[in-house]
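Participant: turn this into a structure:
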Amino acid sequence: MIKLDKISKAYETDGVETPVLFDVDLKIDSGEFVAIMGPSGSGKSTLMQILGFLDRPSTGKYFFDGKDTASFSDDELASLRNARLGFIFQSFNLLPRTTVLENVKLPLQYSPTTKEKDKDGLANEALKSVGLGHRINFFSNQLSGGEKQRVAIARALVLKPEVIFADEPTGNLDSKSGSQVMEILDQLNTQGHTIILVTHESNTARFAQRIIAISDGQIVKDERVVGKKQYAGELK
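Facilitator: From the prediction side, this is the model:
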């Protein structure tokens, strides 16, 4: 599904260029659960942003389903993000003083193929799948951290994406809530979703089938886990 060929990324500020990624080669197949690990500043979040079409590489090629994405316009990339990708972030990114239902419905407002009469039902279905069907009329600021992240997962799921990107999804949660969130992602992977997880926590990465370690903008390890959830080491 995903192929990166010699991807590099550099940012320019006030005429000073700061390289972040260097000649990254990577393939991710449909249905994989991949964890990208590395310390702060290693380039893992930049890599996820490029994979999720939130940023473009400086050099190299990115193929999605065999198509070179360099030729895609910004509108085409936005359409692809909305239709086929879902995003979960550490900070939840929920609208405050807005109901859980309205938060989950938000991606549907930008879907040209979703009928207005179907939006409540789709949002309800997504919320039930993460165990929050009883919270639909609560405001987002009335929820616990774990519940907020489950709402964020429901929002990412509402358009039934093929790929779900999770950037430090347990970073703001206690261990119990973090485990619940990871169990949900594990179930989604079992159902066929491709999961690409960015984390620095080995306890979170143990749910993945494949661990990619990145350091100083380069992939330094790419290991497949033998048996589900048996990864217990710390990649540095």
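
Participant: helix or strand: which one has the residue nearest the centre of the chain?
Facilitator: Compute the mean C-alpha point of the chain, and by C-alpha atoms, centre = their mean the closest residue is Phe165, 1.2 Å away. If you go by DSSP states H and E, Phe165 is part of strand 163-167.

Participant: can you list the strands that that strand pairs with?
Facilitator: strand 85-89 (parallel), strand 194-199 (parallel) (DSSP bridges).

Participant: sorry, back to before: any idea how far the residue nearest to the centre of the chain is from Ser140?
Facilitator: Phe165 is 21 Å from Ser140, where distance means C-beta to C-beta, to the nearest Å. Glycine gets a C-beta too; all of them are placed from N, C-alpha and C.

Participant: now do stretch 150-168: distance to the chain's middle.
Facilitator: Taking C-alpha atoms, centre = their mean, to the nearest Å, one finds stretch 150-168 lying 7 Å from the centre of the chain it belongs to.

Participant: list the buried residues for it?
Facilitator: Residues of stretch 150-168 classed as buried: 150-159, 161, 163-168 (neighbour count, 16 or more other C-beta atoms under 10 Å).

Participant: stretch 32-50 now?
Facilitator: 32-38, 42-50.

Participant: find the nearest non-adjacent residue to Ser40, please.
Facilitator: Nearest residue to Ser40, sequence neighbours excluded (C-beta to C-beta, 6 or more residues apart in numbering): His200, at 7.3 Å.

Participant: got the contact list for the one you found?
Facilitator: Met37, Gly38, Pro39, Ser40, Lys44, Glu168 (C-beta atoms under 8 Å, 6 or more residues apart in numbering).

Participant: pull out the buried positions in stretch 91-102.
Facilitator: Buried residues in stretch 91-102 (16+ other C-beta under 10 Å): Phe92, Leu94, Thr99, Val100, Leu101, Glu102.

Participant: now the residues you listed in JSON lines, with distance to Leu185?
Facilitator: Below are those laid out as JSON lines (distance: C-beta to C-beta, whole Å):
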{"residue": "Phe92", "distance to Leu185": "15"}
{"residue": "Leu94", "distance to Leu185": "18"}
{"residue": "Thr99", "distance to Leu185": "24"}
{"residue": "Val100", "distance to Leu185": "19"}
{"residue": "Leu101", "distance to Leu185": "22"}
{"residue": "Glu102", "distance to Leu185": "24"}
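
Participant: just flag the most distant two among those.
Facilitator: Phe92 and Leu101 (15.8 Å; C-beta to C-beta).

Participant: how close does His129 sit to Thr199?
Facilitator: You called it His, but residue 129 is Ser. Distance from Ser129 to Thr199, by C-beta to C-beta: 22 Å.

Participant: buried set for whatever helix or strand Lys176 lives in?
Facilitator: Assigned by DSSP H and E, Lys176 belongs to helix 175-190. Of all the residues in helix 175-190, those buried under the rule 16+ other C-beta under 10 Å are Ser177, Gly178, Ser179, Gln180, Val181, Met182, Ile184, Leu185, Asp186, Leu188, Asn189.

Participant: thank you, goodbye.
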